[in-house]
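> here are the coordinates; sequence isn't available:
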Ligand SMILES: O=C(COP(=O)(O)O)[C@H](O)[C@H](O)COP(=O)(O)O
C-alpha cells in the first residue's frame, strides 16, 4: 500500500457513507453544520468499528475521514474538524482508541456550539437597536449574531438575498421569522438598490485565507463591492474553524464547481439550444449520442467566490473581532505553520 494514502479498501461504516452523501448532495450544508456532522460521523465510525487491532482501527478512522473529506472542497471547517478529531485518536488498545476518539468528537462538537454562541455575543455588539442587516446565503454564525442582538433587547430587521441557484436565503428568511425578525426577501439582483436601506452586510464564511480574503457563497464578493461603494460596513461572522491553515504556506482555496442542473434544468437547456441537434449545415445529428457539451452552450456554476480583505470591515470570531488583514496572527496562534491531510494525523505511529 502507498504509505501516504489510507487503504481505500478499508470498510467505512454505512452511516459515514450516508453522511458523506448528505454533505455532497447538500442535505447537510453550511460550513459549521458540515463540520459538526463530520465529527459526529467519525464518532459513529469509532463506536461501530469491529477492528481487532489498534492499527486496523486507526486505518478505518482515516478511511472514514477521507470519505468525508472528498465530499465538498471549499469549507475548510471540514478538514479542520477531521484533523481535530483524529488528533485525539490516542490509546494502546481498540477500546482506548474508541473511547478517546468518541470523547474527542464530542468535545469538538461542544466547542463548536460554544464558539458560535460566543461569536454571536461579540457580533451583536456591532449591531445597534433598530439596525437593518442584509444577509446572503444561510449562515448559522451570522444568525448567531442576530440572535444575540435580539436577546440583548435590540430590534433588528433583515433584508435577505434569495441566493441563487439554491435559494439558501429562504432558510435564512424562515429562521429569522421564527426569531420574530421582520424580513424583506429580495432577488440577488436587487441587492445594490436595497443597500441604501441597510446598516450592515452580515455574511458567514466557508474559509478565510491568511491574507484576510473571505471565501463564501457565490455573490458575496459582488455584494461586498457594492456595500463598500454605498458605505455599508461588511461584517463576516466566522468561527476560527473557518480559518484555512494551508493558505499560510501559499495554497489557494479550491472553489467548488457544482452541477449545471442547479442553474439550468435539462428542459430549460433544451429551450435555449432549441434544435441544436441539427447542425448549421443542416446535417442531422443523433440527439441520443449528442453530449450537452456539444450543443455550444456552457453553463458554469461556481458555488463560492473570494472577497478581498479590502472589502471586508470586520471578521467576528469567538476569539474577538479582527480586521481581515490581522487574521493571520490568530491563524498562526491556532494552527502553527504545518498541516497534514486529515488522515495523516498520527500515521507515524503505524509505520
Ligand atoms: O456559503 C455558505 C453555505 O454554502 P452552502 O449552502 O453551499 O453549503 C455559508 O455562508 C457558510 O458556509 C457559512 O455558514 P455557517 O455560518 O453556518 O458555517
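Great, that's in hand. The structure displayed is predicted, hence computed values, not measured ones. Numbers count the residues shown, from 1 in each chain.

> List the residues that contact whatever residue of the stretch 201-350 of the chain ends up closest to the ligand.
Residue of the stretch 201-350 of the chain nearest the ligand, by C-beta to the nearest ligand atom: residue 204 (2.9 Å). Quick note: C-beta positions are derived from backbone N, CA and C, even for glycine. Residues in contact with residue 204 (C-beta atoms under 8 Å, 6 or more residues apart in numbering) are 30-32, 137, 139-142, 216, 236-238, 242.

> same check, this time on residue 273
Neighbours of residue 273 in contact, by C-beta under 8 Å, 6+ apart: 295-297.

> can you pick the most crowded of those?
Within those, most neighbours by other C-beta atoms under 10 Å means residue 295, with 18 neighbours.

> Which residue, other than its chain neighbours, is closest to residue 151?
residue 124 (7.7 Å; C-beta to C-beta, 6 or more residues apart in numbering).

> in terms of contact, does that neighbour touch residue 153 like I think?
No - between residue 124 and residue 153 there is no contact under C-beta atoms under 8 Å: 10.5 Å.

> These two: which is more packed in?
Comparing residue 124 with residue 153 by other C-beta under 10 Å, the one with more neighbours is residue 124, at 20 against 7.

> ok, the more buried one - contacts?
Applying C-beta under 8 Å, 6+ apart to residue 124 gives the contacts 145-146, 148-149, 151-152, 154.

> residue ranges of the helices in the stretch 101-250 of the chain, please?
Under the criterion DSSP state H, counting those that start in this stretch, helices of the stretch 101-250 of the chain are mapped to 140-151, 169-178, 191-195, 220-230.

> hey, which of the ones you listed is tucked in deepest?
helix 140-151 (a mean of 23; mean count of other C-beta atoms under 10 Å).

> could you give the mean pLDDT of that helix?
On average, the pLDDT along helix 140-151 is 98.

> I'd assumed residue 10 was in contact with residue 45.
No - the pair residue 45 / residue 10 is not scored as a contact, 10.4 Å apart, by C-beta under 8 Å.

> Which residues are in contact with each of the two?
residue 60.

> more neighbours, those two?
Set side by side, residue 45 and residue 10 show more neighbours around residue 45, with 30 against 16, by other C-beta under 10 Å.

> In terms of helices and strands, where is the more buried one?
Element membership of residue 45, judged by DSSP states H and E, is helix 31-48.

> helix/strand/coil for residue 305?
strand (DSSP: H, G, I helix; E, B strand; the rest coil).

> Neighbours of it, how many?
With other C-beta under 10 Å as criterion, residue 305 counts 17.

> And the pLDDT at the closest residue to it other than its chain neighbours?
The shortest distance from residue 305 to any non-neighbouring residue, by C-beta to C-beta, 6+ apart, is to residue 221 (4.6 Å). For residue 221, the pLDDT comes out at 98.

> and what of residue 295?
Reported pLDDT for residue 295: 89.

> May I have the phi/psi pair for it?
Note on residue 295: backbone dihedrals following degrees, to the nearest 10 are phi -90, psi 10.

> How much space separates residue 313 from residue 267?
Remark: distance between residue 313 and residue 267 (C-beta to C-beta, to the nearest Å) = 43 Å.

> So the two - more neighbours on which side?
A count of neighbours by other C-beta under 10 Å puts residue 313 above the other of residue 313 and residue 267, at 19 against 7.

> doesn't residue 231 make contact with the more buried one?
No - in this structure, residue 313 is not within contact of residue 231 by C-beta under 8 Å, at 10.8 Å.
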